[in-house]
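A.B. asks: predicted structure and sequence below. I'll ask about it afterward.
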Amino acid sequence: MGGWSLIFLAIISGVYLQRNDSSVQPASDSEPPSEAQVYRPILQPSEAIPPIGTYVLENKDGKCYIKTTLGAEFIVIEKKRWYFSLDPSRVTATGYCGRSSAVLSLTLPDNSASLQFTFVKDKKVFYVSKLTVKLTTPVCKECANKNYSGVMDHEKLFKTANGQSFNCKSENLFLTSSQLWIKLVPLQMQAFSLSKGQYGKEVECWADFNKRVIPIVIGATVVGILLIALLTYLMVKDRRRQGYDRL
């Protein structure tokens with residue numbers, strides 16, 4: 001009887017353990033991810049200064065082939081303007097490097113947003129020939145996800161001599177489609193030829209040049225006008241003192 005009692009208690013304990021274990025079921029691989037697991041950009045109603053990130057792409061030899069430092073802001077047009085800044089901590093930099101062409105893609109998780117530069121090396125210069133922008137996001141909390149995309153192709157953006165870097169602290173705003181703009185500020189980039197992974201001699205963009213030179217030109221012009229006015233006043237005053245000669 002003692003043996004049968006022990007067997008009976010063991011069976012009851014096993015059933016109890018099985019019931020407890022079945023209360024937590026492992027997630028099935030076939031189940032779709034929940035909304036909390038999917039990253040989606042959140043649009044903002046007002047503009048902000050985008051955070052700055054530095055992104056590097058190396059070739060097979062481990063040599064730095066593309067390097068860019070930038071802040072990027074997506075601008076969505078839906079009755080009004082909505083804004084989203086690229087978060088460098090979430091960006092994955094991918095692409096490829098060739099002798100005369102290269103691609104750098106900056107992508108957010110779940111392909112929710114991406115910014116792609118296509119570089120071309122033409123003799124002694126390099127430039128961005130294609131700029132591709134994509135963004136997947138709802139405009140409001142209750143709205144469904146919407147895909148926005150735009151492209152600028154057959155361009156010669158940020159043209160710079162090989163071995164030098166394009167540098168622009170001013171705002172670069174590009175219309176890629178009727179509903180999607182991209183703003184890059186600041187921006188520094190170099191492709192194909194980087195010495196020890198460092199930027200080469202900086203080439204100033206026209207916007208920065210104008211901001212720096214125009215105030216100097218205006219100031220010099222104002223000073224010149226004031227000097228002319230002062231000299232004219234002194235000459236007229238001197239003539240009045242001399243008076244007229246008698247006949």
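C.D. replies: Structure's in. What do you need?

A.B. asks: what's in contact with stretch 42-62?
C.D. replies: The contact list for stretch 42-62 (CB atoms under 8 Å, 6 or more residues apart in numbering) reads 64-73, 76, 80-89, 91, 93-95, 97, 102, 104, 106, 137, 139, 183, 185-186, 197. Yep, even glycine has a C-beta here, placed from its N, CA and C like the rest.

A.B. asks: looking at those residues, which are in strands?
C.D. replies: 64-73, 76, 80-85, 93-95, 97, 102, 104, 106, 137, 183, 185-186 (DSSP state E).

A.B. asks: quick check: bridge partners of the residue nearest the centre of the chain?
C.D. replies: Here the mean C-alpha position of the chain is nearest to the C-alpha of Ala72 (CA atoms, centre = their mean), at a distance of 2.5 Å. Under DSSP bridges, the beta-bridge partners of Ala72 are Leu184.

A.B. asks: that one: what's it in contact with?
C.D. replies: 50, 85-86, 106, 115, 182-184.

A.B. asks: and it, what's its pLDDT?
C.D. replies: pLDDT for Ala72: 98.

A.B. asks: so how far is Gly200 from it?
C.D. replies: Ala72 sits 23 Å away from Gly200, taking CB to CB, to the nearest Å as the criterion.

A.B. asks: in ChimeraX, select just the buried ones from the contacts of Ala72.
C.D. replies: In ChimeraX, this line selects whichever of the contacts of Ala72 come out buried by 16 or more other CB atoms under 10 Å:
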select :50,85,86,106,115,182,183,184
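
A.B. asks: which of the contacts of Ala72 sits closest to Cys168?
C.D. replies: Leu184 (8.0 Å; CB to CB).

A.B. asks: pLDDT at the closest one, what is it?
C.D. replies: 97.

A.B. asks: pass me the low-pLDDT residue ranges in this protein, would you?
C.D. replies: 1-36, 212-220, 222-223, 226, 230, 237-247 (pLDDT under 70).

A.B. asks: so which residues of it form strands?
C.D. replies: All strands of the chain, identified by DSSP E, fall at 53-58, 64-78, 80-85, 92-97, 101-107, 113-122, 125-137, 146-152, 157-161, 164-168, 172-175, 180-191, 201-204.
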